[in-house]
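Chemist: dropping the sequence and predicted coords here.
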Amino acid sequence: MENKPQNLFDKLDKQSEQIEDISTTPSSSKEDSVVVDVLTRCDEDLSLVSQEPKETTYTNPKRIPDCPFQKICDLYNQRFAGRLPAMKVASGKRRAIVKARWADIYKVCQCANVEEGLHCVDSYLIRISEEEWMFGKNDRGWVADFDYIFSARCYTRILENSRSA
């Protein structure tokens, strides 16, 4: 009966001995080809590991946390209460639009966590509140709404400080 290996190093030593035995004992050509094939694949795998990594550009290597949709809606409703129509219905389209703006704001502000992201969203809403034309003070009497404020068009214009809607 063989001695059982006591730890990981003993196991590795035992495997090394078995490999040496395979490589030094005469065998059939089928066994040789299997050993050669295994060794070749190991060499190929090692060559892949040793290759230079492909150059990849990441704007923000951190994962963007899930969009806190309800908290963003609450910020909107609090910030614009009585000035803009309240957001009452959370449709799939609205969730997708807010999720996209969340990702944009999170990246631009280089946020480290959800709280910082919400602070940046609130800053965006404060910037909007300074634009009187969004509250009906324009030549058409047009008033912004939730969908417009979180649209890519509005976000870009506010970010670039462009008044023309």
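Modeler: Alright, I've got the coordinates. Residues are numbered from 1 along each chain as shown.

Chemist: going forward, measure contacts between C-alpha atoms and count neighbours the same way
Modeler: Fine.

Chemist: list the buried residues of stretch 139-149.
Modeler: By 16 or more other C-alpha atoms under 10 Å, the buried positions in stretch 139-149 come out as Val143, Ala144, Asp145, Phe146, Ile149.

Chemist: of those residues, closest to Tyr124?
Modeler: Minimum distance to Tyr124 across these is 9.6 Å, recorded for Ile149 (C-alpha to C-alpha).

Chemist: got a list of what that closest one touches?
Modeler: Ile128, Tyr155 (C-alpha atoms under 8 Å, 6 or more residues apart in numbering).

Chemist: let's see 10 Å
Modeler: Each residue near Ile149 by C-alpha atoms under 10 Å, 6 or more residues apart in numbering is listed here: Tyr76, Ile97, Val98, Arg101, Tyr124, Leu125, Ile128, Met134, Tyr155, Ile158.

Chemist: what's the answer for Ala90, then?
Modeler: By C-alpha under 10 Å, 6+ apart, Ala90 lies in contact with Phe69, Gln70, Cys73.

Chemist: host element of the last one?
Modeler: Meaning Cys73. Assigned by DSSP states H and E, Cys73 falls within helix 69-79.

Chemist: could you export the helix or strand just after that helix as PDB, CA atoms only?
Modeler: Sequence order places helix 92-109 as the next helix or strand after helix 69-79, per DSSP H and E. C-alpha atoms of helix 92-109 as PDB (Å, rounded to 0.1, in the frame of the first residue of the first chain):
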ATOM      1  CA  GLY A  92     -39.800  50.800 -18.800                       C
ATOM      2  CA  LYS A  93     -38.900  53.600 -21.200                       C
ATOM      3  CA  ARG A  94     -38.400  56.000 -18.300                       C
ATOM      4  CA  ARG A  95     -36.300  53.500 -16.400                       C
ATOM      5  CA  ALA A  96     -34.100  53.000 -19.500                       C
ATOM      6  CA  ILE A  97     -33.600  56.800 -20.000                       C
ATOM      7  CA  VAL A  98     -32.800  57.400 -16.300                       C
ATOM      8  CA  LYS A  99     -30.400  54.400 -16.300                       C
ATOM      9  CA  ALA A 100     -28.500  55.800 -19.300                       C
ATOM     10  CA  ARG A 101     -28.200  59.300 -17.700                       C
ATOM     11  CA  TRP A 102     -27.100  57.600 -14.400                       C
ATOM     12  CA  ALA A 103     -24.300  55.900 -16.300                       C
ATOM     13  CA  ASP A 104     -23.400  59.200 -18.000                       C
ATOM     14  CA  ILE A 105     -23.400  61.300 -14.900                       C
ATOM     15  CA  TYR A 106     -21.500  58.600 -12.900                       C
ATOM     16  CA  LYS A 107     -18.700  58.500 -15.500                       C
ATOM     17  CA  VAL A 108     -18.400  62.200 -16.000                       C
ATOM     18  CA  CYS A 109     -18.300  62.900 -12.300                       C
END
